[in-house]
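In: below is the sequence, then the predicted model.
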Amino acid sequence: MEECLVKRQSLAPSLHWKTLAKWAALVAEVLAVAGILAMAFTAGNYFAVQKAALQAANYPGIFEGHGDVGSVSHAGFVEYDAAKKTYTISASGENMWSTQDAFHFAWKKASGDVAVTADISFLGQGAQEHRKAVLMVRQSLDADSAYADVALHGNGLTSLQYRDEKSANTHEIQANISAPKRLRLIKRGAYFSMWLADENGKFQLASGSTRIALQEPFYVGIGVCSHDDKVVERAVFSNVEVKTETPRAANTSAATIYSTLEVISIDSTDRRVVYIAPERFEAPNWMPDGKTLLFNRNGRIEKIPVTGGTPEVLDTGFATRCNNDHLVSPDGTQLGISDNSQENQQSLVYIVPISGGAPRRITEKSPSYLHGWSPDGKTLAFVGKRNGDFDVYAIPAAGGEETRLTTAKGLDDGPEYTRDGKYIYFNSERTSHMQIWRMKADGSEQEQVTFGEENDWFPHVSPDGQWMVFLTYDKSVTGHPANKDVSLRLMNLAGLSKASVTSVRPGEARNPSSFRDAKITVLAKLFGGQGTINVPSWSPDGTQLAFVSYQVVPK
């Protein structure tokens, strides 16, 4: 018995230590697993943080991505401050102009109507005054893509830039506001416009519109170009908003019509805003000194400096229902107007002193619409409706009998003398749709000038006789209504006065073969029509053209 007890006592410590060893091993195993789990958790957090950082770099803020567009010497990047919700873009790039762009772009894809808005400020003095920070809608990330943007330059110049087709040249509409803080680019249908905030933060339309047909989806975003590929420029975008909505049909009864008086350079086709108002005005003329423009609004004729400013109403006496058929005499001393205020309120032609005064009646019959003044100042060309037909007539500026110059069936309109007085250009629908024609000043040798399928209106020949600008509607449009898609087109007339004339049978119109071959280019694609260029609108030096574009803005 004692022996067994002794044995049991000797075995007890051994069993105790074995049990402790097992527990120790188990604890060690648990701790090892916990350590592995802790390490895995820490690594998971690390990779999650790294992934979040990578996503923040590639998808900054509200945008889906960013990168350099075109060829740049220094890779650009975007710093997004989530707390402040600001985007600081650093970029090089030679320019965003001509047929190629080079800049850094933060973007997202979108469809429908778009408004992109931001406050923009440059960092540092900058190496180039034309460094650009932009709000942009772009077809693709190709360097030559079609696009429109609102561009703030380092020197304060602000413009709506656009390339309306892939690989085409870039053009711009310069605002008459410098260095705004808050900017907005709006795409409504196919039209793009620029809006700038005033000192109270209220947005004002700051450009005419341009028409660009983009396919959906397209790219919307913000970008920076240094304008000197050797350097990097930085700009900060804050309070950035990108809003999209489904396009709606234009409803003019529930909208505001904005009119924009613009001038366009014939060489560059770049446009500049002179004056904008949330109402309709029409038909700009140039004064002979090239410093002042006239236009009609609310039945009155107004004048404004070409550089912009506040319009001033001219004194036209009792003529307070002037329409958009008016022009300045060749010597600049008189103003010819068409007014509906008298008799049966049908248009009559009058002349008033350019400084203001009582109108002197020229036409006895109505309706009559003034369009042309001969270079010697002696004769007026107008359109009159007589016995149900609209034809071109001439009448002495001193008053007298009117002479009918056209007799073809169909509407004839818009007669205007060339600077040498030899020809009158006009538009006629005698060929079943509206085309441009010309005739000798006495009405002889009437010949067709344009031959397209579209409807062409209101020809204006440049002072040197080398160019003709005219308004073009789609072939489906009848008449010359307002609020339509139109184009300002330019025909090269150089050499046509010496062109050979094809043989024709007696009674047929004479058609110089060179008219068919004359080059026609598009100056601008607009929303407009009636009121855009109804009257002579070339600058005296022939380098610019004045016109009015329109926008229908939902209230």
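Out: Looks like it arrived, so ask away. Numbers count the residues shown, from 1 in each chain.

In: so what's E64 up against?
Out: E64 is in contact with W107, K108, K109, counting by CB atoms under 8 Å, 6 or more residues apart in numbering. In this view, the C-beta of every residue, glycine as well, is placed from N, C-alpha and C.

In: and if you look at S209?
Out: With contacts defined as CB under 8 Å, 6+ apart, S209 is in contact with Y191, F192, S193, T260, L526, F527, S549, Q551.

In: list the buried residues of stretch 129-138.
Out: The neighbour-count criterion (16 or more other CB atoms under 10 Å) identifies H130, R131, K132, A133, V134, L135, M136, V137, R138 as the buried residues of stretch 129-138.

In: need these in JSON lines (columns: secondary structure, pLDDT and distance to F382).
Out: Putting the buried residues of stretch 129-138 into JSON lines (DSSP: H, G, I helix; E, B strand; the rest coil; pLDDT from 0 to 100; distance: CB to CB, whole Å) gives the following:
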{"residue": "H130", "secondary structure": "coil", "pLDDT": "96", "distance to F382": "47"}
{"residue": "R131", "secondary structure": "coil", "pLDDT": "98", "distance to F382": "52"}
{"residue": "K132", "secondary structure": "strand", "pLDDT": "98", "distance to F382": "48"}
{"residue": "A133", "secondary structure": "strand", "pLDDT": "98", "distance to F382": "51"}
{"residue": "V134", "secondary structure": "strand", "pLDDT": "98", "distance to F382": "48"}
{"residue": "L135", "secondary structure": "strand", "pLDDT": "98", "distance to F382": "47"}
{"residue": "M136", "secondary structure": "strand", "pLDDT": "98", "distance to F382": "47"}
{"residue": "V137", "secondary structure": "strand", "pLDDT": "98", "distance to F382": "45"}
{"residue": "R138", "secondary structure": "strand", "pLDDT": "98", "distance to F382": "48"}
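
In: got a list of what A168 touches?
Out: Listed by CB under 8 Å, 6+ apart, the contact partners of A168 are T99, A146.

In: before we move on, the earlier item: adding distance to Q204, write the buried residues of stretch 129-138 out as CSV.
Out: Formatted as CSV, those follow (distance: CB to CB, whole Å):
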residue, distance to Q204
H130, 24
R131, 25
K132, 21
A133, 20
V134, 19
L135, 16
M136, 21
V137, 20
R138, 25
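
In: and of those residues, the nearest to S121?
Out: Lowest distance from S121 to these (CB to CB) belongs to A133, with 8.3 Å.

In: just give the closest residue to the closest one, not the sequence neighbours.
Out: With sequence-adjacent residues excluded and distances taken as CB to CB, 6 or more residues apart in numbering, A133 is closest to A235, at 3.9 Å.

In: residue contacts, that neighbour?
Out: Residues counted as contacts of A235 (CB under 8 Å, 6+ apart) are T88, I89, I120, S121, F122, L123, R131, A133, V224.

In: would you confirm that the first one contacts E79?
Out: Yes: in this structure, T88 is within contact of E79 by CB atoms under 8 Å, at 4.3 Å.

In: and the two? which has more neighbours close in?
Out: Set side by side, T88 and E79 give different neighbour counts by other CB atoms under 10 Å, the larger being at T88 (18 against 14).

In: and the angle from the host helix or strand of that one to strand 132-138?
Out: Remark: T88 resides in strand 86-91, with elements defined by DSSP states H and E. Angle, strand 86-91 to strand 132-138, by axes from the mean of the first three to the mean of the last three CA atoms, to 10 degrees: 100 degrees.

In: need the residues that contact strand 86-91.
Out: Contacting residues not belonging to strand 86-91 are listed as 60-61, 66, 68, 72, 74, 76-81, 103-104, 106, 123, 133, 222-226, 232-238, 240 [CB under 8 Å, 6+ apart].

In: repeat that for 7 Å
Out: Applying CB atoms under 7 Å, 6 or more residues apart in numbering, the set of residues contacting strand 86-91 from outside is 60-61, 76-80, 103-104, 106, 222-226, 232-238, 240.

In: after that strand comes which helix or strand?
Out: strand 96-97.

In: now that following strand: average pLDDT?
Out: The predicted model gives strand 96-97 an average pLDDT of 97.

In: pairing partners for it, with directions?
Out: Each strand that pairs with strand 96-97, with its direction, by DSSP bridges: strand 100-101 (antiparallel).

In: next SSE downstream of the partner strand?
Out: Of the helices and strands lying after strand 100-101 in sequence (DSSP H and E), the nearest is strand 103-110.

In: that following strand versus strand 132-138: what angle between them?
Out: Comparing the axes of strand 103-110 and strand 132-138 via the same axes, to 10 degrees yields an angle of 30 degrees.

In: sheet partners, orientation included, of strand 103-110?
Out: strand 65-69 (antiparallel), strand 218-225 (antiparallel).

In: now mean pLDDT too, for these, in TSV please.
Out: Putting the strands paired with strand 103-110 into TSV (pLDDT from 0 to 100) gives the following:
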stretch	mean pLDDT
strand 65-69	98
strand 218-225	98
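
In: most neighbours per residue, which of these?
Out: Ranked by mean neighbour count under mean count of other CB atoms under 10 Å, the strands paired with strand 103-110 are led by strand 218-225, which reaches a mean of 27.

In: so how far is that strand from its chain's centroid?
Out: What separates the centre of strand 218-225 from the centre of its chain is 18 Å, taken as CA atoms, centre = their mean, to the nearest Å.
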